[in-house]
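>>> Give me the fold of what follows.
(chains A and B)
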2 protein chains.
Amino acid sequence: MAAGIPQTGLQLLSTVKSSGELELRLAEIPIAPPAGDEVLVRVEASPINPSDLGLLLGPADVSTLKQAGGVTTAKVPEQFLKALAARLDQPMPVGNEGAGVVIAAGPDPKAQALVGKTVAILGGAMYAQYRTLKAGDVLPLPADATAADGASCFVNPLTALGMTETMRAEGHTALVHTAAASNLGQMLNKICLKDGIPLVNIVRSAEQAKILTDIGAKYVVDSTSPNFQQELTDALIETNATIAFDAIGGGKLASQILSAMEAAANSRGGAYSRYGSSVFKQVYIYGSLDPRPSELARNFGLSWSVGGWLLTPFLAKLGAEGAARLRQRVVDELKTTFASHYTAEISLAEALDPAVIAAYQKKATGEKFLINPAKGL
Amino acid sequence: MAAGIPQTGLQLLSTVKSSGELELRLAEIPIAPPAGDEVLVRVEASPINPSDLGLLLGPADVSTLKQAGGVTTAKVPEQFLKALAARLDQPMPVGNEGAGVVIAAGPDPKAQALVGKTVAILGGAMYAQYRTLKAGDVLPLPADATAADGASCFVNPLTALGMTETMRAEGHTALVHTAAASNLGQMLNKICLKDGIPLVNIVRSAEQAKILTDIGAKYVVDSTSPNFQQELTDALIETNATIAFDAIGGGKLASQILSAMEAAANSRGGAYSRYGSSVFKQVYIYGSLDPRPSELARNFGLSWSVGGWLLTPFLAKLGAEGAARLRQRVVDELKTTFASHYTAEISLAEALDPAVIAAYQKKATGEKFLINPAKGL
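Next up is the predicted model:
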């Protein structure tokens, strides 16, 4: 196996140039033999999550994508450049998570024990053929799990578990989730069904509602229904959900959720207060499927909060022990609760093809792309 | 003094009728002799705070105010009635706070000791000639303080102190305040100057800016300035304020504050993260001078929160000891830090006069009305 250590490997880099151009290319980077407790992983699967697209494409206008000489470019509208100052002209590696096989290891026994194992990684820069990591930073998968099985071990599973953990830690007993038919949303349904947590799913079409009822979801509300506000309120009266995780962000949805929570609280009676109910209502915005401003009507009393929510600070707050507990649950339920399904498996080269980019950047419900850097090279 | 106990007293009542009409009238209510540890207070001063106007007038259309037979009425637009369901057809007493003289007391020595004293009260229903309270629920004022001096002992002083307390409790070191030239805002400036807390004042005119610079405010930013966003960012870079209390509520101001806080955080450098800075940014909305929806552009990373803030739950969270500490400070600095100034002193009857209502409901900066229920009767 020592002879098998490659000298170089390809890595996908995304650069936003100060001239207003996005540039995507594959760079050949040198690979050092692993030292100490390091392991060298041949990456075989890395998903394209919505959270990766932000770094990969930034605010580029995808209608201007073109490819020439192995380099893919697109225009970045002038007005976005200021917000990108900190990354301008710096090639950024992409890919939050993935999985692959340990093909070499440093002398440390902890590292040596991993050789030949399939491991999952939350390490960034995963859209690459090879990654060198500390042995303690990879998660060994069960013997029957492929790299594709373990590629999405972290972002969606820990985000979904982060929602139920946050719910409990902040004193709520039931959840609301939007864009609920997503891969993440389906996973959250499986967790909540298993753990007995009432979950109100908000979707945007009858097709999405069916995806969820088919996997056993009890409360599914369609925001395109003419009676949406009342139907949501009814579900909140029944579940007593007072915390929501919202992937949409823009428009009126967060405000509608807070109003429905307030109506549900007031339906339980109590004395009139012009400040509204004393029930604390929380919406966390963790995505931005709708990039417009969030419009809060503030017709839901004064006991409310809307805030950003992000996995990394949540895990930091949870601490090493808590994070390890969540990771272990993911491994234990990898092929059930946390199973991911992919629409297509593409190579690193295909990930730069304008036609393929056009497909994966749509973030269509139920569609998810997997990059296999070991494919077609 | 026993002979002096009145049999009845006038009390202002506000009713929103299900027919869509606001009705204000003075009711004659019976007065029982104080028992046990009760004291009977002749109310001599009670301010009209913005927080009182909500209960007094609700969402009534003040252009339709009229008076006949001692009863003042106005139309309440149909669309607001649903939100008022819990108070419909119930006469509500009004007036959060005030001060007056104890004219009788129950046999308990604690109550007896207060006879003849001028006391401040946060008890509701203060737009009345007389109020009966427990001795422990009134705050004796210093001997040289009049009822007018002590009438606004609670809402504004405790709200302003609540802001600096919340700032400290949540790990911030400097404050932003909007509608900052208000009575409350001036008080907050005095507290912050005294306590050495950097305070960024946001005002809406040059005249308001002058009110604050005249009392020693260091950071005053005018939101009508063409360079408002940059001027605010500069003040935030200098003060490192990461928490704001916003009385405006509607429109883009909360969002502009968060964006400026984020720009200030990013000006301190650090690695690029597409999720924005890791600096936590908080805006509390405690008023609604602009009733439009709050528009959050979400161009300030994911480490942020916007929430409602209200004095009563803050005090409950602070606990009895903490609240007593704040109240004592108000008494100690009643004629300096916490001095209030009134535009006009009006009687209960005048408080029902449509022309007078038109004046006090404007909430004009620097204007504040005091009701003296002992006046003109």
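>>> Can you give me the buried ones in stretch A:342-356?
A:342, A:346-352, A:354, A:356 (16 or more other Cβ atoms under 10 Å in any protein chain shown). Just so you know, the C-beta spots here come from the backbone N, C-alpha and C atoms, and that holds for glycine as well.
>>> And stretch A:36-51, by the same measure?
A:37-51.
>>> From those, pick the one nearest chain B.
A:Ser51 (8.5 Å; Cβ to the nearest Cβ).
>>> So that closest one is in contact with A:Asn156, correct?
No - using Cβ atoms under 8 Å, A:Ser51 makes no contact with A:Asn156, being 9.7 Å away.
>>> Show me where chain A has its helices.
For chain A, applying DSSP state H gives helices covering A:50-57, A:109-112, A:147-150, A:155-169, A:183-195, A:206-214, A:228-239, A:253-267, A:311-332, A:354-360.
>>> Of these, which is nearest chain B?
From the helices of chain A, taking Cβ to the nearest Cβ, the stretch that ends up closest is helix A:50-57, at 4.8 Å.
>>> Taking helix A:155-169 as reference, get the angle to that closest one.
For helix A:50-57 against helix A:155-169, the angle by axes from the mean of the first three to the mean of the last three Cα atoms, to 10 degrees is 130 degrees.
>>> Check the offset of stretch A:13-25 from the chain's centre.
Distance, stretch centre to chain centre, for stretch A:13-25: 23 Å (Cα atoms, centre = their mean, to the nearest Å).
>>> Equivalent analysis for stretch A:93-111, please.
Stretch A:93-111 has its C-alpha centroid displaced from the chain centroid by 21 Å (Cα atoms, centre = their mean).
>>> Is chain B within reach of it?
No - contact of stretch A:93-111 with chain B (Cβ under 8 Å from any Cβ of the partner chain) is absent, the minimum separation being 10.4 Å.
>>> just to revisit the earlier point, from the buried residues of stretch A:342-356, which two are the most distant?
A:Tyr342 and A:Pro354 (20.7 Å; Cβ to Cβ).
>>> Those residues of the stretch 101-250 of chain A touching chain B, which are they?
Proximity of the stretch 101-250 of chain A to chain B, by Cβ under 8 Å from any Cβ, involves residues A:249-250.
>>> where does chain A have low pLDDT?
In the predicted model of chain A, residues A:1-3, A:270-272, A:377 satisfy pLDDT under 70.
>>> ok, 50 please
Within chain A, the set of residues satisfying pLDDT under 50 comprises A:1-2.
>>> Break it down into its domains, please.
With domains defined by automatic domain parsing, chain A comprises A:8-152+A:340-371, A:155-314.
>>> right, so of those domains, which gets closest to B:Ile211?
Checking the domains of chain A against B:Ile211 by Cβ to Cβ gives domain A:155-314 as the closest, at 27.1 Å.
>>> State the distance spanning the first to the last residue of that closest one.
Domain A:155-314 has its terminal residues 12 Å apart, counting by Cα to Cα, to the nearest Å.
>>> quick revisit: which ones among the buried residues of stretch A:342-356 are found in strands?
Taking DSSP state E, the ones among the buried residues of stretch A:342-356 that sit in strands are A:Ile346.
>>> Chain B next: which of the buried residues of stretch A:342-356 are close?
Near chain B, judged by Cβ under 8 Å from any Cβ, there are no entries from the buried residues of stretch A:342-356.
>>> Now A:Val76, what are its backbone angles?
As for A:Val76, its main-chain torsions (degrees, to the nearest 10) stand at phi -110, psi 120.
>>> Surely it touches A:Gly20?
Yes - using Cβ under 8 Å, A:Val76 is in contact with A:Gly20, at 5.2 Å.
>>> Would you mind telling me which of the two has the busier surroundings?
Counted by other Cβ atoms under 10 Å in any protein chain shown, A:Val76 and A:Gly20 do not tie: A:Val76 has more neighbours, with 23 against 14.
>>> Output the domains of chain A as TSV; include the columns distance to B:Leu57.
Compiled in TSV, the domains of chain A are given as follows (distance: least, Cβ to Cβ, whole Å):
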stretch	distance to B:Leu57
domain A:8-152+A:340-371	43
domain A:155-314	11
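>>> any idea which of the buried residues of stretch A:342-356 is the one closest to B:Val62?
B:Val62 has its nearest neighbour among the buried residues of stretch A:342-356 in A:Pro354, at 60.1 Å by Cβ to Cβ.
>>> now the nearest residue to the closest one once chain neighbours are set aside: how far from chain B?
Closest residue to A:Pro354 apart from its sequence neighbours, by Cβ to Cβ, 6 or more residues apart in numbering or on different chains: A:Leu65 at 4.0 Å. Using Cβ to the nearest Cβ, to the nearest Å, A:Leu65 is found at 19 Å from chain B.
>>> doesn't A:Thr178 make contact with A:Gln208?
No - under the criterion of Cβ under 8 Å, A:Gln208 is not in contact with A:Thr178, lying 10.9 Å apart.
>>> I'd like to know how many residues surround the closest residue to A:Gln7 other than its chain neighbours.
Residue nearest to A:Gln7 in three dimensions, not counting chain neighbours: A:Ile31, with 6.3 Å by Cβ to Cβ, 6+ apart. As a burial measure, A:Ile31 scores 18 neighbours (other Cβ under 10 Å).
>>> repeat for A:Pro109
By the criterion of other Cβ under 10 Å, A:Pro109 has 10 neighbours.
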